[in-house]
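Peer 1: A structural model of the following input is requested.
(2 chains)
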Amino acid sequence: MTLRVYDTRSREKREFSPLNEGRVSMYVCGITPYSPSHLGHARCYLAFDVVHRWLEASGYEVDYVQNFTDVDDKILNISESEGVDYSVVSNRNIEDYFEVMDAMNVRRADHYPRVTETIPEIIDMISNLQEKGHAYVGGDGVYFEIDTAPEKYGQLTGQTLEMVRAGAGGRVADTGSGKRDHRDFALWKLAKPGEPFWESPWGDGRPGWHIECSAMSLNHFGEQFDIHGGGHDLRFPHHEAEIFQSECCTGCEPVVGYWMHNGFVNVDGEKMSKSLGNFWTVREAFENHDPLALRYALLSVPYRNPIDLTPEFLQDAVIHYGRLVEAYSASLSSDTDSGIDLSNYSQRFTDAMNDDFNTRAAIIEIQAVVSQNPGRDVASWFEKYAGDVLGLLPSSAEVLAGRAEAESARADIADRVEGLLKERETARQTKNWDRADEIRDELNSIGVIVEDGPDGPTWQLA
RNA sequence: GCACGGGUGGCAGAGUAGCUAUGCAACGGACUGCAGAUCCGUGGACCCGGGUGCAAAUCCCGGCCUGUGCUCCA
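Peer 2: Numbering: from 1, shown residues only, chains lettered A, B, ... in the order given. Model prediction:
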């Protein structure tokens, strides 16, 4: 079975075939770093991290570019209210982004271009569009004129020019901008007093939001590239704007082979967002959950489906993640092979991932192996599939260290526990259940869980 | 309103025509003084109404509900 990828533009899963054999160019819209990352961001970059990993596991060489919109209105608002330079705000949140993504085993992209480092390329692209008659200078900046390429409208959303005209209703008049048509979008925004700016042929200002991604992808990949990813909400207008800009600039279409959009993280059935105030930052989530357990949760739903975040949903993932690590740990310490025929699991895992990166179905195969007897061969299987592909495993060193630590903690109190257990067994033999339970409670209070089995009691640390 | 998705057991979530999804939870049994863990087992679903088919959760039509987009947004 070959890899099939759902493409938003053609609205179907298509067999994956990159422009250059064996190589994949992938661009994913990155964050606007005006606040710490929340779980919605995590879902997106986790999803494309898995795409990245699976393409590589399938033998492709992947060139992965992800941008930072490090100057924009929201960043400027915050920098103004804090009385600091905008770069303080963006750098702080970019740092936060890398820290939390690293903690969740998100592998780094190959390039992280920033708007502020791409200004010359952006200006070139706008100039080019202007020369070709697709852009005009308005009162407060440069705009892309939609009517110069009406046939490109609606490729990702199915909307027509007329629909959007109707949908915008009365909002057009009060934008107060120098646009000719409200559907036109800004390529260059002239700076207002006090705002940071860059020089340009049209005056001091900064780029519009959409043009940066086009300029960056053109800069890194040229006229066409294979995969463009981002959140579902970016389809319109952001990604449609990119189609206009790139294809009108180069005359080459389609600019993107496969448009991939991840579903949202919802809370109580609604999109997690700043404006609704129902978001958790990734850091807040880390306070209650292991970063990799969160990763497990966010990958346990296929990337295009929405995730409704509930305590039960997270708890489920915590349980399964714990079992996975436990099974991996046990298999690392094993000195025999399990003798399990793992090829069936591998095959189903591969089929799942090849079906538009179905991590849910893939994880089920992981769970099936977790419930088998651990052995050395299982350890390497886990490392390959749960580790390399899904990124769900801590390093073997970490796992072994955790095991060693647990054993040493156990050894530290072993004498005391054994003594109490001996006393408890005496009590049990004389059917003194009150005393036996009292001892068990005492052990519980120091974090020891006692379990009576057919061969007598065993104990472990909670 | 228009566009694009989605509606599967208590919950999450696979499954694009015939064959037990799976996990968690629940229930029953084994084992237990009790508890826990473990093992074995059980039940339970395809939004509604039409249509096509030998056969539909799966295809077609209509309806209802719901999410997102149409403004910055992963």
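Peer 1: name the nearest residue to the residue of the stretch 201-350 of chain A found nearest RNA strand B, ignoring sequence neighbours.
Peer 2: Nearest to RNA strand B in the stretch 201-350 of chain A, going by C-beta to the nearest atom of the strand, is residue A:231, at a distance of 2.2 Å. Every residue, glycine included, has its C-beta placed from N, CA and C. The spatially closest residue to residue A:231, leaving aside those adjacent along the chain, is residue A:44, at 5.3 Å (C-beta to C-beta, 6 or more residues apart in numbering).
Peer 1: the one you found and residue A:233 touch, don't they?
Peer 2: No - Residue A:44 lies out of contact with residue A:233 (C-beta atoms under 8 Å); the separation is 10.2 Å.
Peer 1: of those two, which one has the most company?
Peer 2: More neighbours surround residue A:44 than the other of residue A:44 and residue A:233, with 27 against 13 (other C-beta atoms under 10 Å).
Peer 1: can I take it that that one is in a strand?
Peer 2: No - per DSSP: H, G, I helix; E, B strand; the rest coil, residue A:44 lies outside any strand segment and is helix.
Peer 1: got the phi/psi numbers for whichever residue of the stretch 351-462 of chain A sits closest to RNA strand B?
Peer 2: Going by C-beta to the nearest atom of the strand, RNA strand B is nearest to residue A:451 of the stretch 351-462 of chain A, at 2.9 Å. As for residue A:451, its main-chain torsions (degrees, to the nearest 10) stand at phi -130, psi 120.
Peer 1: what residues does it make contact with?
Peer 2: Counting by C-beta atoms under 8 Å, 6 or more residues apart in numbering, residue A:451 touches A:457, A:458, A:459, A:460.
Peer 1: residues near residue A:57, how many?
Peer 2: For residue A:57, the count of nearby residues is 14 (other C-beta under 10 Å).
Peer 1: would you mind listing what in the stretch 351-462 of chain A touches RNA strand B?
Peer 2: By C-beta under 7 Å from any atom of the strand, the residues of the stretch 351-462 of chain A that approach RNA strand B are A:355, A:358, A:360-361, A:364, A:367-368, A:371, A:428, A:433, A:436-437, A:440, A:449-454.
Peer 1: check residue A:174 and give its pLDDT.
Peer 2: You'll see residue A:174 listed with a pLDDT of 40.
Peer 1: what about the biggest helix by length in chain A, average pLDDT?
Peer 2: For chain A, the helix that runs over the most residues, judged by DSSP state H, is helix A:396-429. Mean pLDDT, helix A:396-429: 91.
Peer 1: now do whichever helix or strand comes after it against helix A:396-429: the angle between them, please.
Peer 2: The first helix or strand that comes after helix A:396-429 along the chain, using DSSP states H and E, is helix A:433-445. Between helix A:433-445 and helix A:396-429, the angle formed by their directions is 160 degrees, by axes from the mean of the first three to the mean of the last three C-alpha atoms, to 10 degrees.
Peer 1: show me what helix A:433-445 is packed up against.
Peer 2: Applying 3 or more C-beta pairs under 8 Å, 6 or more residues apart in numbering; DSSP states H and E, we find helix A:433-445 packed against helix A:396-429, strand A:448-453.
Peer 1: nearest to residue A:181, of the ones you listed?
Peer 2: Relative to residue A:181, the nearest member of the helices and strands packed on helix A:433-445 by C-beta to C-beta is helix A:396-429, separated by 56.7 Å.
Peer 1: gap between the closest one and the chain center?
Peer 2: Its chain's C-alpha centre and that of helix A:396-429 lie 39 Å apart, by C-alpha atoms, centre = their mean, to the nearest Å.
Peer 1: and for stretch A:262-280?
Peer 2: Remark: stretch A:262-280 is offset 15 Å from the chain centroid, using C-alpha atoms, centre = their mean.
Peer 1: mind listing the strands for the stretch 101-250 of chain A?
Peer 2: Ranges of strands within the stretch 101-250 of chain A are A:135-137, A:141-144, A:185-190, A:205-207, A:225-231, based on DSSP state E, counting those that start in this stretch.
Peer 1: got the ones you listed as JSON lines, with mean neighbour count and distance to residue A:390 columns?
Peer 2: Shown next, in JSON lines, are those (neighbours: other C-beta atoms under 10 Å; distance: least, C-beta to C-beta, whole Å):
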{"stretch": "strand A:135-137", "mean neighbour count": "20", "distance to residue A:390": "44"}
{"stretch": "strand A:141-144", "mean neighbour count": "25", "distance to residue A:390": "40"}
{"stretch": "strand A:185-190", "mean neighbour count": "23", "distance to residue A:390": "38"}
{"stretch": "strand A:205-207", "mean neighbour count": "24", "distance to residue A:390": "37"}
{"stretch": "strand A:225-231", "mean neighbour count": "24", "distance to residue A:390": "18"}
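Peer 1: okay, those in CSV with mean pLDDT next?
Peer 2: Shown next, in CSV, are these (pLDDT from 0 to 100):
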stretch, mean pLDDT
strand A:135-137, 94
strand A:141-144, 94
strand A:185-190, 94
strand A:205-207, 96
strand A:225-231, 96
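Peer 1: could I get these as a markdown table with distance to residue A:278?
Peer 2: Supplementary listing: the strands of the stretch 101-250 of chain A in a markdown table, determined by distance: least, C-beta to C-beta, whole Å:
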| stretch | distance to residue A:278 |
| --- | --- |
| strand A:135-137 | 39 |
| strand A:141-144 | 34 |
| strand A:185-190 | 29 |
| strand A:205-207 | 31 |
| strand A:225-231 | 16 |
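Peer 1: quick one: residue A:73 from RNA strand B, how far?
Peer 2: Distance, residue A:73 to RNA strand B, using C-beta to the nearest atom of the strand, to the nearest Å: 7 Å.
Peer 1: for residue A:25, same thing?
Peer 2: As for residue A:25, its distance to RNA strand B is 19 Å (criterion: C-beta to the nearest atom of the strand).
Peer 1: nearest spatial neighbour of that residue, skipping sequence neighbours?
Peer 2: Per C-beta to C-beta, 6+ apart, closest to residue A:25 is residue A:225, 3.8 Å.
Peer 1: for residue A:336, same thing?
Peer 2: Computed as C-beta to C-beta, 6+ apart, the closest residue to residue A:336 that is not its neighbour in sequence is residue A:375, at 5.8 Å.
Peer 1: give me the pLDDT value at that neighbour.
Peer 2: On the pLDDT scale, residue A:375 gets 84.
Peer 1: next one: residue A:170
Peer 2: In this model, residue A:170 is scored at 40, pLDDT.
Peer 1: for residue A:121, same thing?
Peer 2: Here, the pLDDT recorded for residue A:121 equals 97.
Peer 1: do the same with residue A:1
Peer 2: pLDDT recorded at residue A:1 is 63.
Peer 1: could you do residue A:164 as well?
Peer 2: With respect to pLDDT, residue A:164 scores 66.
Peer 1: residues contacting residue A:235?
Peer 2: Counted by C-beta under 8 Å, 6+ apart, residue A:235 has contacts A:8, A:156, A:157, A:259, A:261.
Peer 1: list the residues that contact the second one.
Peer 2: Residue A:156 makes contacts with A:8, A:9, A:235, A:236, A:239, A:240, A:243, A:259, as judged by C-beta under 8 Å, 6+ apart.
Peer 1: sounds good, over and out.
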